[in-house]
Structure formats: structure tokens, C-alpha cells
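Visitor: Sharing a sequence plus its predicted fold:
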Amino acid sequence: MIAPSSPLPFTAIVGQKEMKLALLLCVISPGIGGLLVRGEKGTGKSTTIRALRGLLPLQSVVKGCVFGCDPDSPSSWCDKCRQRAKEGSLQRGSRVMPFVELPLNATQDRVLGGIDISKSLKFGRPMFQPGLLARANRGILYIDEINLLERHLLNGLLDAASSGLNKVEREGISIVHPSSFSIIGSMNPEEGELDPQILDRFGLCVEVKGEEDLEKRTEILRLFDLLDQGTGLLPNGDIKNKEEEELKLKLEEATSRLKEVEITDDKRRFIGELSISRGCLSLRADLTLERASKALSALRGKREVSTDEILEVAPLVYQHRAKAHPNTQENGKSHPNGDKPHNNNGEREDRNAPRDRPQGPSHLPQKEHKGSDGHAFREGMDEEGSAHDGAKAPEEKVFDVGNPFNVKTITGSNDRAKRYGHGKRTPTFVFGGRGRKIGPTCSRGSYIDISFDATLRAAAPRQRYRSKGKPSHGLLIHIEPQDLRFKQRKGTSSNLLVFVVDASGSMGARSRMVASKGAIMSLLLDAYKKRDKVAMISFRGSDAKTVLPPTSSVELAGRHLKGLPTGGKTPLSKALLRAHTLVTSALLKDPLLRPIILLITDGRANQTLSTTLGPVEELEVVAEAVSRDPRTKFIVVDTEDALSLRLGIPRLLAKRLGAAYFKIEDLKADHLISVLDLK
């Protein structure tokens with residue numbers, strides 16, 4: 001949803017009943033463990049969460065404490081508050097419960113805390129500068145697009161949220177400070193999922209969908225129109241303001257009443273039965289459900305938890321924890337797209353692959369079986385449905401996209417180059433303050449990313465003669481440009497994935513193209529999650545064409561894939577040259593690019609660039625020529641199936657390219673995934 005130009009009251013939000021309830025429960029009981037809001041773009045996730053600010057209650061704090069320690073909870077005090085208590089100088093104050101929003105480009109120092117350079121130079125010793133976790137203590141930390149946050153930062157946040165403490169051990173400082181907060185995260189699942197172990201650490205989860213009620217959609221448009229006018233007037237504005245104040249007071253009363261809410265052992269056993277029945281053996285689900293039911297009871301003014309409260313919040317607790325049951329397609333059942341799995345009957349009926357025919361070695365067919373290389377290859381092509389020389393070209397066909405699946409991790413090769421850490425695929429050195437610090441370096445970087453401890457160590461031996469006869473300017477340490485050391489960081493970057501798709505007639509045999517399109521779609525979905533650029537080349541007949549130049553639109557690539565026709569000969573050598581030309585052009589524009597060429601083919605080349613070499617010999621020469629640039633990585637996906645005569649050309653091609661070799665089934669992970677709507 002597009003954010004309005006004026007703040008939107010929480011009570012003015014239309015619909016989204018489950019999300020609003022979950023947010024209120026997190027305010028009443030921070031021990032619930034936070035909330036994850038999942039939903040497609042434009043469904044009001046961020047707008048609703050940010051509207052929660054206006055409802056946050058006042059809380060007592062130790063006056064002057066940067067961590068906002070609770071004066072009524074001495075066990076959670078920071079070291080300075082303990083010292084104040086001993087000296088008798090501890091004073092009470094108040095503040096609104098903090099709501100801290102974490103930007104995606106935040107650095108580790110800014111989030112967890114780090115060295116305060118100005119104070120350290122002034123006092124001559126490392127001084128700690130609190131980060132966002134210090135500000136969020138006893139409040140709410142909101143992360144929009146949490147699935148795009150760097151992994152090491154997310155792990156640090158979850159550890160601090162679960163333990164209530166932030167431990168900083170870096171650059172000569174060692175400090176532990178209270179950091180108890182609720183994490184509220186929002187995400188679009190189409191842009192990548194969170195790992196199961198991270199999902200389980202969120203107490204509640206809500207699936208948000210777009211509003212389908214026409215009257216409510218009209219009301220939302222009317223509401224946004226008034227807000228954009230800047231008048232501050234809302235439909236029934238007086239009523240909404242009154243509702244907002246009443247809800248705020250209700251939240252304060254529920255928070256104070258929470259400690260008095262009780263739950264019987266019978267209800268606890270009921271919670272355990274619910275968890276077991278949903279396959280949630282982790283005790284996190286039981287604890288979260290008990291705390292959430294207590295919070296809901298407190299919100300309703302009750303002193304004891306009933307079955308109604310448990311059943312109402314149970315979907316929020318089990319939404320992301322209930323074990324999935326993978327879809328199986330065994331025993332000859334039809335696939336969802338209508339393709340039937342091969343079985344013994346299908347193999348016997350296939351005149352091109354009789355039972356007594358040898359499958360052949362995993363390298364090129366021997367001459368005694370097929371004669372010369374080129375002629376043998378053409379015979380193989382005829383068996384798989386391609387046109388014979390001089391024969392009528394087969395009719396073009398458009399095959400459906402097969403079932404997508406989770407693919408195994410594909411990464412590029414490491415090097416010493418520095419890049420901006422945008423993307424989630426290949427490890428690399430990064431600059432710009434992003435990524436995980438792995439050590440200091442003398443290479444000049446950004447002045448906002450100075451490694452202070454290493455700089456001090458470099459400057460320390462020279463302090464004796466530097467301080468002689470020079471004004472101190474209030475500084476205890478004199479640092480010169482040659483002393484500066486900068487943080488060397490490691491992160492991940494995106495890649496350019498070039499899909500080279502075999503669309504020749506041989507791919508139509510035994511629905512190879514259906515399975516191949518399913519594999520390509522799976523790789524496209526993975527590229528979308530990893531923030532890669534993609535390009536697509538298809539080859540059939542006598543030519544190889546760039547169907548899609550490099551783009552960030554994976555959805556567009558999926559549309560081209562869906563309508564890709566099949567038929568004709570296999571100009572595999574020309575396809576490799578076309579891919580090489582595309583990648584070379586991209587590298588000229590960006591020398592730090594990480595190209596990965598994914599060749600999806602059955603390897604049955606029967607179209608040559610010249611008449612002097614056979615298809616296989618020419619293919620070997622071309623493969624060795626295009627693989628000389630070490631910046632380009634190749635992956636060969638073999639689409640030959642077990643029921644046909646396996647010629648082994650894709651494996652030979654992978655060897656000549658220095659490529660990783662996969663069969664389609666080797667790419668698969670365990671769980672099916674949903675496909676993007678690419679219609």
C-alpha cells in the first residue's frame with residue numbers, strides 16, 4: 001500500500017483484523033517473541049505497523065539512562081544505573097515506549113553499537129557508542145522487508161531479542177547492556193523466504209491478503225484522499241480520535257493487568273495437545289501460545305485464560321510452525337500440469353528406446369556403433385524427433401512449464417575484488433559500510449568506515465615525538481593520515497545469470513521441455529530471491545537468439561519462458577558463441593560483474609557453423625574458446641532422461657567448459673514451492 005502523506009490512526013485502518021490483534025498483543029506482552037507479517041506488496045503491512053506508534057503507552061525509566069532502564073526492575077539495570085543506585089543519585093523519569101525502525105542499509109556498528117571516535121580521541125581510550133538496539137530497549141524494533149536484511153545482522157538481532165542482552169566484543173571494547181525488545185518484521189514472500197530456524201524464533205505470524213470487499217476498498221481510497229489533502233480530517237474524525245484514545249487507555253490497563261492473569265494446568269495440557277496435533281514439537285510454540293492467550297485475556301479484562309482465547313490466537317502461533325506435508329506424485333498419479341511420469345509400460349511402448357538397447361557409455365558414442373561422429377549424431381537426433389537433412393521441418397510446439405522446485409545453492413567463484421554488497425548469492429569483499437567486518441586493511445576506504453582499534457595501534461608508537469612542541473587541541477592522541485586503517489568487510493553480491501535454453505525438436509521428446517522449463521523457472525525464482533540480473537538465449541533451427549537482454553525483471557523472463565516454442569535442429573555451437581558475446585558486452589560495461597552461464601540442453605547438436613568439422617568436434621573447439629575468461633562461470637544442466645539413448649554430450653561439454661554438471665533431478669531440493677503468477 002502507498003503510504004499516506006499524513007500519519008494514519010491505528011483505529012482508522014480498514015480491515016486486517018488479525019494483524020491488528022497480533023500487534024496489540026505484542027505491545028501488551030513483549031515476551032511473546034515478536035511478530036512476522038507476510039503478504040504481497042500493497043496490502044498495508046507497513047502502514048498498519050507504523051500506525052501502532054500512536055498507541056504506545058508511557059513507561060517509567062531511569063532519568064538520563066541511554067538504555068531506558070526500568071527503575072522498578074533492578075535485575076535488568078545497566079552498569080551505570082547500578083552505580084547511580086549505590087550513590088543514591090538514581091532518579092525516575094518517563095517516556096513513550098520506543099518504536100525504532102531499522103533501515104535495510106544499516107551497518108553493524110549502527111545497529112549493535114561500536115566505537116565513538118570523537119569521544120575516544122578526546123579521552124584517549126575506546127568509548128562505546130550505543131546503537132539502535134540500545135534505543136529499542138523495552139520497546140519495539142520494526143524491520144520492513146526483513147527477509148532482505150543481511151543474515152549476520154538478523155542473527156544478532158534475534159539473539160539480543162531472545163536473551164534481553166546485547167553483548168559487544170570488538171575493537172578493544174567489551175560491554176553488555178540490556179536490550180529487551182519485540183521484533184516486528186514485514187516481508188513479501190515473493191522476494192525470498194526466511195530460513196525455518198529463523199521463522200521459529202518469531203512468536204506470532206500473520207498472512208496478509210489484499211482486501212476483496214468492494215465497499216472496504218472504496219473506503220480506503222476515500223481515507224487516503226482526505227489524508228493527502230493535508231487537512232487532518234478523517235471520515236468520522238471525532239469518533240476515530242475518541243476510539244484511538246480509548247484503545248490506548250485499554251492497552252495501558254491490559255499491560256498492568258497482565259501479571260494478574262492466570263492459566264490452569266488443564267489449559268496448559270490443551271495447549272500441548274494443540275502443538276502436538278500440528279506437528280510442532282518445539283516448546284517455543286507452547287510458550288508463545290500461553291503468553292499470547294494471557295495477553296488477549298488481559299486485553300478483554302479477564303483474570304483467567306479460557307479456551308476461547310487459546311483457540312483465537314492459535315492460528316497466529318502455528319501459521320509458520322505447522323509442519324508441511326510434501327506433495328507426492330508416486331504410484332503413477334498424474335502431475336498437476338498433466339504430464340505423466342515414465343513407467344515400465346511407457347518404456348516398452350517407446351520404439352526409440354527398446355529394452356534390449358544398450359544405454360551407452362557416459363562419453364561420446366564409439367564409431368563402431370554409429371560410424372563417423374557427425375553422421376552418428378544425426379542418427380541420434382532422428383531418434384529423438386529432430387528433422388533429418390532434407391526432411392520436412394517438424395511443427396513448432398509450445399510446452400507447459402513443469403513443476404518448480406527449490407534449487408541447490410549456486411554461487412560464483414571468490415576473488416579479491418571489492419563490490420557493493422547488493423545481492424544474496426556470491427560471497428565477496430564489499431565496501432560502503434555494509435557486510436561483516438573480517439579485519440583491518442591499509443587500502444583507503446570510506447572515512448566513515450575507519451577501523452579505530454587498528455588505527456590507534458598504528459599511531460601509538462609515534463605519540464612520543466608527535467606530541468612534542470605541538471598544541472594538543474584537547475586531544476590525547478595525535479593521528480595522521482598514514483595511521484588510518486579501514487575495515488575490510490565480507491558480504492554477498494548478485495550475479496548475471498544467462499540462461500541458454502535448448503528449444504530444438506529433440507527437447508520435445510518424452511516431454512523433456514516440460515521438465516526443462518520447470519527447472520529454468522525454479523532457477524529464475526532463485527535468481528529473483530538472490531537479486532540477480534537475468535538474460536535468456538534460446539537456440540533452435542539454424543539460429544540462436546537473445547530472447548531477453550540482461551534485466552532485473554525475472555517476471556519478464558518467466559513470461560518469455562512460458563511462450564518459448566520448440567522445434568527444429570540444434571545449433572549448440574552458435575548458442576555458446578551468442579552467450580559469450582552477450583557476457584563480453586556486459587563485462588565491458590561492468591568489469592566487476594559475476595556472470596554465470598546456465599546451459600540447459602540434451603547436447604544433441606546437429607547444426608554446425610562450418611563444413612570442416614562435425615557437430616561434436618566443433619562444439620569442443622567452441623567450448624574451449626569461450627571458457628577462457630576466468631570471470632565467467634558455466635553450469636551445464638543435462639536434460640537427457642534415463643529412458644532414451646544417453647549420448648553423454650552434456651557431460652563432455654561441461655568438461656570442455658570447466659563447468660559444473662547437473663542433471664535436472666540433481667538440482668532439486670526436498671520441498672515444492674509456489675510459482676510466481678507470470679500470466
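Guide: The structure has been received and is ready for your questions.

Visitor: Show me where the stretch 51-200 of the chain has its strands.
Guide: Applying DSSP state E, counting those that start in this stretch to the stretch 51-200 of the chain gives strands spanning 58-62, 92-96, 99-102, 114-115, 128-129, 139-144, 165-170, 173-178, 181-187.

Visitor: Residue ranges in the stretch 401-550 of the chain under the pLDDT threshold?
Guide: 402-448, 453, 461, 464-465, 467-476, 488, 490-494, 508-512 (pLDDT under 70).

Visitor: mind listing what Phe499 touches?
Guide: 520, 523-524, 534-537, 557, 598, 600 (Cβ atoms under 8 Å, 6 or more residues apart in numbering). (Glycine included, C-beta is placed from N, CA and C.)

Visitor: one more time with 6 Å, if that's ok
Guide: The contact partners of Phe499, taken as Cβ atoms under 6 Å, 6 or more residues apart in numbering, are 520, 536, 598.

Visitor: give me phi/psi at it?
Guide: phi -90, psi 120 (degrees, to the nearest 10).

Visitor: do the same with Lys259
Guide: phi -70, psi -20.

Visitor: Check the gap between it and Asp72 for me.
Guide: 12 Å (Cβ to Cβ, to the nearest Å).

Visitor: Could you break the chain into its assigned domains?
Guide: 10-57+97-226, 261-352, 383-411+494-678, 441-488 (automatic domain parsing).

Visitor: As TSV, those domains with distance to Ala85 would be great.
Guide: Below are these laid out as TSV (distance: least, Cβ to Cβ, whole Å):
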stretch	distance to Ala85
domain 10-57+97-226	14
domain 261-352	30
domain 383-411+494-678	49
domain 441-488	31
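
Visitor: how about the contacts of Phe499 in TSV, adding secondary structure?
Guide: Compiled in TSV, the contacts of Phe499 are given as follows (DSSP: H, G, I helix; E, B strand; the rest coil):
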residue	secondary structure
Ile520	helix
Met536	strand
Leu598	strand
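
Visitor: Now distance to Gln463 and neighbour count too, for those residues, in a markdown table please.
Guide: Shown next, in a markdown table, are the contacts of Phe499 (distance: Cβ to Cβ, whole Å; neighbours: other Cβ atoms under 10 Å):
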| residue | distance to Gln463 | neighbour count |
| --- | --- | --- |
| Ile520 | 62 | 25 |
| Met536 | 61 | 26 |
| Leu598 | 57 | 25 |
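
Visitor: which among the residues you listed gets closest to Gly203?
Guide: Closest approach to Gly203 among those (Cβ to Cβ): Ile520, at 38.3 Å.

Visitor: residues touching the closest one, list them.
Guide: 499, 561.

Visitor: Extract the C-alpha trace of the helix or strand containing Leu497 and format it as PDB.
Guide: Following DSSP states H and E, one finds Leu497 within strand 496-502. Only the C-alpha atoms of strand 496-502 are listed here, as PDB (Å, rounded to 0.1, in the frame of the first residue of the first chain):
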ATOM      1  CA  LEU A 496      24.200 -12.000 -14.000                       C
ATOM      2  CA  LEU A 497      22.600 -15.400 -14.900                       C
ATOM      3  CA  VAL A 498      22.500 -16.100 -18.600                       C
ATOM      4  CA  PHE A 499      20.000 -18.900 -19.400                       C
ATOM      5  CA  VAL A 500      20.900 -20.600 -22.700                       C
ATOM      6  CA  VAL A 501      17.900 -22.800 -23.500                       C
ATOM      7  CA  ASP A 502      17.800 -25.600 -26.000                       C
END
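
Visitor: Now do that strand: distance to the chain's middle.
Guide: How far strand 496-502 lies from its chain's middle: 22 Å, per Cα atoms, centre = their mean, to the nearest Å.

Visitor: in that strand, what counts as buried?
Guide: Neighbour counts over strand 496-502 (16 or more other Cβ atoms under 10 Å) mark 496-502 as buried.

Visitor: picking up where we left off before, hey, which of the strands of the stretch 51-200 of the chain is tucked in deepest?
Guide: Mean neighbour count (mean count of other Cβ atoms under 10 Å) peaks for strand 181-187 among those, with a mean of 25.

Visitor: Please name every helix or strand in contact with it.
Guide: Strand 181-187 is packed against strand 35-39, helix 45-50, strand 139-144, with contacts defined by 3 or more Cβ pairs under 6 Å, 6 or more residues apart in numbering; DSSP states H and E.

Visitor: Try it again at 8 Å.
Guide: Counting contacts by 3 or more Cβ pairs under 8 Å, 6 or more residues apart in numbering; DSSP states H and E, strand 181-187 packs against helix 17-28, strand 35-39, helix 45-50, strand 139-144, helix 151-163.

Visitor: Just tell me which of the ones you listed ends up closest to Ala106.
Guide: helix 151-163 (7.4 Å).

Visitor: Can you dump the C-alpha atoms of that closest one in PDB for me?
Guide: This file holds the C-alpha atoms of helix 151-163, laid out as PDB (Å, rounded to 0.1, in the frame of the first residue of the first chain):
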ATOM      1  CA  ARG A 151      22.000 -12.600   7.600                       C
ATOM      2  CA  HIS A 152      24.600 -11.800  10.200                       C
ATOM      3  CA  LEU A 153      22.700  -8.700  11.300                       C
ATOM      4  CA  LEU A 154      19.400 -10.600  11.600                       C
ATOM      5  CA  ASN A 155      21.100 -13.300  13.700                       C
ATOM      6  CA  GLY A 156      22.500 -10.700  16.100                       C
ATOM      7  CA  LEU A 157      19.100  -9.000  16.400                       C
ATOM      8  CA  LEU A 158      17.300 -12.300  17.200                       C
ATOM      9  CA  ASP A 159      19.900 -13.300  19.800                       C
ATOM     10  CA  ALA A 160      19.600 -10.000  21.600                       C
ATOM     11  CA  ALA A 161      15.800 -10.100  21.500                       C
ATOM     12  CA  SER A 162      15.700 -13.600  23.000                       C
ATOM     13  CA  SER A 163      18.300 -13.100  25.700                       C
END
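
Visitor: Next, count neighbours for Ser89.
Guide: 10 (other Cβ atoms under 10 Å).

Visitor: so how far is Phe123 from it?
Guide: Distance from Ser89 to Phe123, by Cβ to Cβ: 22 Å.

Visitor: now swap in Asp449 and tell me
Guide: 22 Å.

Visitor: Show me which of the two is the more surrounded one.
Guide: For Asp449 and Phe123, the more surrounded residue by other Cβ under 10 Å is Asp449, and the numbers stand at 17 against 13.
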